[in-house]
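In: with the input below, show me the fold.
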Amino acid sequence: MAAQLYKTHTGQLFHAGSIAIINVGLPARGKTHGSRSLIRYMNWLGVKSKSFHMGQYRRRLYGTDISADYFDLGNETMAAARIRSEDSCIQDIIEYLTSGGGQLAIFDASNLRAERRREIYERFEQHQIRALFIEYICENEAIVDENIRKVKITSPDYITMDADAAAADFKERIARMAPYYETIEDRDMSFIKLYNVGEHIVVNNIRGYLQSRVVFYMMNLHISDRTIYLARSGESSNEGSYKADAPLSETGHKYAQNLRDAIYRRIAERNQQVLAKTGVDLSTRKLKVWTSTHVKSYQTAEYFSQRDNVTVRRRMLLKGLNPGVCENLPLDQVRAKFPDEYQAYLRDPYHHRYSLAESYHDVSVRLEPVILELERERDDILIIAPESALRCIYAYFAPQGLPDSLIPTLAFPRSIFVELTPTAYGCKERRIGISSPNE
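Out: Below you'll find the model as predicted:
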């Protein structure tokens, strides 16, 4: 779990016990995207969490070449196959929450029938696992069509299939399932109803801090495509000093110009690729630039303010890690002057805090409002900040398994910027060169 904010000896937080989130809703309503995003946030908080996707279990048992009859809940000949897939997934969730060290799991499936949902609910209750239903309701067909085109036809089921044929096949699956869809009406259960992926939300019988935290996060959720760019501030005229807060050097100004040109080139390239692949025109999408209040950061960002569709915003929370007593000291001097502190840092570089300084854990806690706003944001975002802040933001989006101890070592050289694209099946990453094409 990358950049985990809090830890306990038991591995569980907030005295909340184990929670199973059970998704409800027709396909292409944002269930998988929402599940991935929620799991990312919960793991970042320190709640050991995992999403169990029903499609993976179905493909494992029956492969990708499966008839639409499988998805017809009225087709009794396929009932045993569906139940086998579901039971396999549910059993893995129970093992993860009771003996695998997990605290929160998501059963990412359609779960359309009320009777079947009650059976799943009671099965979890037998193991003292609290169930929370999240129903994804989408009344806007344009959102559904866009989700099918952008997400579903790129799923493992359709790797070898033409885009139009894949979209038609997926819509046939939805048509087979729709007549059997029963919305949640049982007021005894804990549930969240999410309409049109964020337009409005209904909650019922929410219990405890952790379930409330889930509600809070879901209020910030959307499934719109957007890209996040991470770039270091330009070089200052006093690069080693935190307190001096010096302006950009001549090299720093040149870097800022090259960064601006490279970002705009990449956006134009991406827009052409998306238009050719999906027919979606992204040319009207805005770019928002967030920058720290360090002089070198907002001077780097000012080169982007000349375009009408770009807004630049300074944010105090994006400031770099305060080095405290290590201000302006090279590593060998830190080791000589503070030998005990240095050894403590080597043992835990993410949490260790030098005198009068911040730790990387402190920076991550400080950045939590920025992380939540990133999740809410529907436009493209470029973050220009010191390397220490970028490390903590990047760690939030990094795949599970990135140890805390590696976060202080993550490199963001001024020769590249990082492009992050959150999707329903993970977060895509690219590192793109900044140098001018003429260099």
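In: how far off centre is the least confident helix or strand in the chain by mean pLDDT?
Out: Sorting the helices and strands of the chain by mean pLDDT, DSSP states H and E puts helix 141-150 at the bottom, at a mean of 81. Helix 141-150 sits 20 Å away from the centroid of its parent chain (C-alpha atoms, centre = their mean, to the nearest Å).
In: what are the buried residues along the helix or strand that comes right after it?
Out: Scanning forward in sequence from helix 141-150 by DSSP states H and E, the next helix or strand is helix 163-177. Buried positions in helix 163-177, judged by neighbour count with 16 or more other C-beta atoms under 10 Å: 166, 167, 170, 171, 173, 174, 176, 177. Every C-beta, even on glycine, is put in place using the N, C-alpha and C of the backbone.
In: how about the strands in this protein?
Out: Using DSSP state E, the strands of the chain run over 18-24, 49-53, 104-108, 129-137, 190-195, 200-204, 228-232, 287-291, 310-314, 380-385, 416-423, 426-433.
In: nearest approach to residue 332 belongs to which of those?
Out: strand 228-232 (24.0 Å; C-beta to C-beta).
In: flag the shaky bits of this protein, pLDDT-wise.
Out: Within the chain, the set of residues satisfying pLDDT under 70 comprises 1-16, 151-154, 400-401, 436-439.
In: quick one, helices of it?
Out: With helices called from DSSP state H, the chain shows them at 31-45, 54-62, 79-98, 114-125, 141-150, 163-177, 208-218, 250-278, 295-301, 331-337, 339-347, 360-366, 368-376, 387-397.
In: which residues touch the residue nearest to residue 73 when sequence neighbours are not counted?
Out: Of all residues not flanking residue 73 in the chain, residue 180 sits nearest, at 4.0 Å (C-beta to C-beta, 6 or more residues apart in numbering). Residues near residue 180 by C-beta atoms under 8 Å, 6 or more residues apart in numbering: 73, 74, 112, 113.
In: now do residue 382
Out: Shown in contact with residue 382 (C-beta under 8 Å, 6+ apart): 228, 229, 231, 263, 287, 288, 289, 290, 304.
In: please apply the same query to residue 127.
Out: 94, 97, 98.
In: what's the spacing between it and residue 175?
Out: Applying C-beta to C-beta, to the nearest Å, the value for residue 127 to residue 175 is 36 Å.
In: repeat that for residue 200.
Out: 27 Å.
In: now residue 68
Out: When residue 68 is compared with residue 175 (using C-beta to C-beta), they lie 8 Å apart.
In: drop anything exposed from the contacts of residue 180.
Out: Here, 16+ other C-beta under 10 Å leaves 73, 112 buried among the contacts of residue 180.
In: phi, psi for residue 378 please.
Out: phi -110, psi -10 (degrees, to the nearest 10).
In: now for the closest residue to it other than its chain neighbours, how many residues are close by?
Out: Nearest-residue entry for residue 378: residue 224, 4.6 Å, with adjacent residues in sequence omitted and distances by C-beta to C-beta, 6+ apart. By other C-beta atoms under 10 Å, 16 other residues sit near residue 224.
In: re earlier: quick check, nearest of the contacts of residue 180 to residue 214?
Out: residue 112 (21.6 Å).
In: and the closest one, what does it touch?
Out: Neighbour list for residue 112: 24, 25, 26, 73, 177, 180, 181, 182 [criterion: C-beta under 8 Å, 6+ apart].
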